[in-house]
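Student: predicted model and sequence below, questions to follow.
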There are 2 protein chains.
Amino acid sequence: MTMYNAPVEDMMFLFENLKDNKNYNEIEKFKEINSDLVKDILDQAAKINQEIVHPLAKIGDENPCVYENGIVRSPPGYKEAYTRFINDGWTSLSCDPKYGGQGMPKTVSTFFEEMLSSASLSFKLYSELSIGAYNCILHHADQKIKDIFLPKIVEGKWSGTMCLTESQCGTDLGLIKTKAVKQNDGSYAVTGQKIFITSGDHDLTENIIHLVLAKIPGGPTGTKGISLFLVPKFNVNENGSIGTRNGVNTLSIESKMGIKGSPTCVLNFDNAKGFLIGQENKGLSSMFTMMNLERIIVGIQGLGIAETAYQNSLSYAQERKQGKSNNNKDNKTDEIIKHADIRRSLLNMKSIIQGQRSLAFWLSQQIDVSLNHTNEKIRKNAEDLVSLMTPVVKSFFTDMGTEITNEAIQVFGGYGYTKDQGIEQLYRDNRITPIYEGTNSVQAIDLVFRKVLNNKILLNFISIVKEEIKINQETSELKEFSKILSNNLRLLEDFSTLLEKMNKTNKDDVSAACNDFLKVLGYISLAFSWFKISKISFKKINDNKSFYEEKINTAKYFYDKILPRAEMHYNSAKSGSNIIMNAKFN
Amino acid sequence: MTMYNAPVEDMMFLFENLKDNKNYNEIEKFKEINSDLVKDILDQAAKINQEIVHPLAKIGDENPCVYENGIVRSPPGYKEAYTRFINDGWTSLSCDPKYGGQGMPKTVSTFFEEMLSSASLSFKLYSELSIGAYNCILHHADQKIKDIFLPKIVEGKWSGTMCLTESQCGTDLGLIKTKAVKQNDGSYAVTGQKIFITSGDHDLTENIIHLVLAKIPGGPTGTKGISLFLVPKFNVNENGSIGTRNGVNTLSIESKMGIKGSPTCVLNFDNAKGFLIGQENKGLSSMFTMMNLERIIVGIQGLGIAETAYQNSLSYAQERKQGKSNNNKDNKTDEIIKHADIRRSLLNMKSIIQGQRSLAFWLSQQIDVSLNHTNEKIRKNAEDLVSLMTPVVKSFFTDMGTEITNEAIQVFGGYGYTKDQGIEQLYRDNRITPIYEGTNSVQAIDLVFRKVLNNKILLNFISIVKEEIKINQETSELKEFSKILSNNLRLLEDFSTLLEKMNKTNKDDVSAACNDFLKVLGYISLAFSWFKISKISFKKINDNKSFYEEKINTAKYFYDKILPRAEMHYNSAKSGSNIIMNAKFN
């Protein structure tokens, strides 16, 4: 089995040193969320994730969910752990106190999301969509629905799902066939089949609240005719108590490569009673409130799994003896961590993971500003940055999760391929993250077509980075970072200029370049994060020499060894799409 | 379940057009191996792999090998298929007719290795090490052993294993603890435990011939004191009939991420009767006869699995409808193959796979020359090229297998993560290939320290490529390829000069750069292959326009989109190892 130690020190480093967003610091209700409080929360979070949640990872893999006689059973121990989990209030961490939540900012809850992903993605998925459902209901449902459903969801007694996909449509939601027919009492009768529904059915909660995309007959075709409905597994009485079973049934659960402790369901809706959320035919935009935050959390899953992979490889490399390093003096066999190529692998992992954690922290501040600042313009500005970085975090972090779990297996050699050590499970569990909540290919298209072309958001981001590297270059090493980062920013600008030009002449050129562009923006965003980490590290170096020296060294590694990938992606994208579109695949 | 169609057309294209090695064409006994014969063999091979072997892939995954009461049982249907397989003579394809083989050159048998890897890696592994054992015995055992063991192995009635790894040593064989004590009858009593033994025990053959590395007490320490022994599962009588059970027992089989239809065994040798192969304490070099050819075949496994992944993604992309492409005119949903980003993924796969197949074909000719040419100098020269390319093919092809099976999952979206389509199995099955027969990290070290530094082999290879691009540049497009390839050759030369320099000042700099160097050589070798394919395609374009145009287009894709990775690896390696060695990992 894998081990896991929550990286509380690194998280506190970020919280104490990089909570530098002026707008965030103006948010009144977060002013009391100080270091002591956060440290206390993270310590508690570490405890439950390490002791209670992490052992569930292997249990879920070895004892997948079972579907029998229409019932889905979760793996052994999941129910007890979930009860403890909700009793300790972890589902309510970032929710509104008005509905029983603890009102923590994203800066804190994102750390928790990472820990939970590191501990067991399968277990996490039981509550993850509940928070998505919470956000969606909070922002789009009417007050009566909020009052009935939100407290139970926040408490964790009821869980939530997102029902989008049907067998004929994943990415292309315009093809949805599920129908919703208005009834005399104002509710809707929902009929259709949904597939790939994470936590669509299970035995951990008293009720399951499905948020379902469906079409009202007679509405517009395509995505413009999609509405959103709340469809509970059990009907809910006026007083909030659980009533009769609704017309939602589980037909089967998927047999999957990983996340076997999480049930992925085929759900059948047969005249199920549903309630419209938001306006008719505006369902997709309401759902996107849920989707966008969810996409960022999927990115965090990739980060969390990568952290566990890194910790275990590091620990194995420190113990496993094999061969002699170049500087071996005593002729005894060395631990493999003494070999340069193994160190290189570990630094790949470390520099990407810690850069991502810092970027996620920066983004969390932007989310908090976008949701809570009193000034509308400031909120909008932050929202733009969040919308720019959402596809990047979703795709880049999950792709890096694939790379890092792959490298981790390699560090373990043959022991990485067998089941005992649990490393191969991380590789399998992570592999869903580049797929669900919109494939990474779709994210890249969203990034380029919606957020970069004909839009100034990227320029905003670039000017923030420029501002950062302009000032305070006290040390020559920071100057070196600043020079490299400037060159890469120029590359990013050139790339976006190229995209604008391509967009006027041949849209396929743009489509063919989206994935490369997302990668470039990802690597440069991490370079930006490492720049900020280095700046503070140079400043504080005498406070904790070993900690800050390691940060600076890891930053150098990132700039030297990882960042050159950005240029390669640009070079690869430059040649356009003619050859791609000419291929016959015969 | 996946589908598989053996790429006989592409193989025949190579055999007919790129069998251009003058030395190979001088080998007398291969002169009669003409296109008609090869086409006939490949058609038969396609038939058995598609119809009999390929269905075993899923069966083995769903019904892994079972270990019960000391016995290992193969998955259902494996025994029947294996019987058909050996009756049709497929194990004997490349073996010496003297021992019952068919004497085919590697140019032909490598195609077969690829097909078998595409069809079912688990099934392939039952006979794969038999060929390794055959080669090892053929080159190093005395005549009596050859006469007793080789005919049965060639026939496929007995199979072989390689017993190297012990729990404390995989890469570092100097740590071996298994002992071999000489007996009065000239045999040895072998005692020790070996792990990760592929096909170490099973029920497909009458006997299993283990080739075991062990130490004779009193011999030199480390790798210089390793000897090689032949240890049969059942003792063999003088007349070749099967005798009593030898002291070899299976303790357990591994539970693994993939290749579940292949038993990976822990074997216990308890005073097992063994016969010395080659000289005492020279076992490692004898074993390397087996290892080196085996490493190339592992590379071919990566290629074969990638081919199946590509074929299935292509077929899915041609059928699955989702979204509208940029040039959609009729407002109907398009097949996803019309989307530029999906095409890009498919071309990544195709350009790498077909380039690799061509490189493997080139290398097969070199192997045939190294084993069969009458001129010793020519043999040696070919052997050098084989030794240079062995770690490249092993590592680069298997890493690309990881990349391609990963991309294939992504093309399938959610259906790639569930078990029904069989795509995720390819990702899991392939993942062993970068590990076994020496991890890819070890291959890179072998390449750089043994074959590039202080050695002229790389210069040989570079001059072959230079020769190729100097002549016959009839078309301007070929000139463009030639220009890009020249630039990359310069990069390769600069990189090897840098390695020489690093080697004098800091060996860790070299160690840290090995993996990048191997990748650079891999990409440039594929560019060399695509150059040759293009040259012939321009020449013959009017013979089969659609075939050759597609080849040229795919070559362009490789040069535009994939080859830029070489420069990135060089840039990443340049910065040396100081930062890597300074890391504290605290």
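Tutor: Cool, got the structure. Numbering: from 1, shown residues only, chains lettered A, B, ... in the order given.

Student: residues near A:Leu37, how many?
Tutor: 12 (other Cβ atoms under 10 Å in any protein chain shown). The way it works is simple: take the backbone N, C-alpha and C, and place the C-beta from them, glycine included.

Student: that one belongs to a helix?
Tutor: Yes. Applying DSSP: H, G, I helix; E, B strand; the rest coil, one finds A:Leu37 inside a helix.

Student: what about it, distance to A:Pro7?
Tutor: Distance of A:Leu37 to A:Pro7, given as Cβ to Cβ, to the nearest Å: 19 Å.

Student: check A:Gly200 too.
Tutor: Distance from A:Gly200 to A:Pro7, counting by Cβ to Cβ: 32 Å.

Student: where does A:Glu474 land on pLDDT?
Tutor: On pLDDT, A:Glu474 comes in at 61.

Student: which residue sits closest to A:Thr433, ignoring its sequence neighbours?
Tutor: A:Thr398 (3.8 Å; Cβ to Cβ, 6 or more residues apart in numbering or on different chains).

Student: more crowded one of A:Gly200 and A:Pro7?
Tutor: Taking other Cβ under 10 Å, A:Gly200 and A:Pro7 do not tie; A:Gly200 has more neighbours (25 against 22).

Student: ok, A:Ala573 - contacts?
Tutor: Taking Cβ atoms under 8 Å, 6 or more residues apart in numbering or on different chains, we find A:Ala573 in contact with A:Phe495, A:Leu498, A:Ala512, A:Ala513, A:Asp516, A:Phe517.

Student: just those residues: which are in strands?
Tutor: Using DSSP state E, no member of the contacts of A:Ala573 sits in strands.

Student: phi, psi of the residue nearest to A:Thr433?
Tutor: With angles defined as degrees, to the nearest 10, A:Thr398 sits at phi -80, psi -40.

Student: contacting residues for it?
Tutor: Applying Cβ under 8 Å, 6+ apart, we find A:Thr398 in contact with A:Val298, A:Gly299, A:Gln301, A:Gly302, A:Asn430, A:Thr433, A:Pro434, A:Asn440.

Student: what's the closest of the residues you listed to A:Asn312?
Tutor: Using Cβ to Cβ, A:Asn430 is the member of those that sits closest to A:Asn312, with 13.4 Å.

Student: from A:Ser285, how far off is that closest one?
Tutor: 30 Å.

Student: neighbour count for the two, which is higher?
Tutor: A count of neighbours by other Cβ under 10 Å puts A:Asn430 above the other of A:Asn430 and A:Ser285, at 29 against 15.

Student: the more buried one touches A:Ile305, doesn't it?
Tutor: Yes. A:Asn430 is within contact range of A:Ile305, at 4.4 Å (criterion: Cβ atoms under 8 Å).

Student: nearest spatial neighbour of A:Ile409, chain-adjacent residues omitted?
Tutor: A:Gly416 (3.6 Å).

Student: what ranges do the strands span in chain A?
Tutor: A:66-68, A:71-73, A:158-163, A:179-182, A:188-198, A:207-215, A:226-232, A:234-236, A:242-245, A:248-253, A:264-277.

Student: A:Lys561: which of those strands is closest?
Tutor: strand A:188-198 (35.9 Å).
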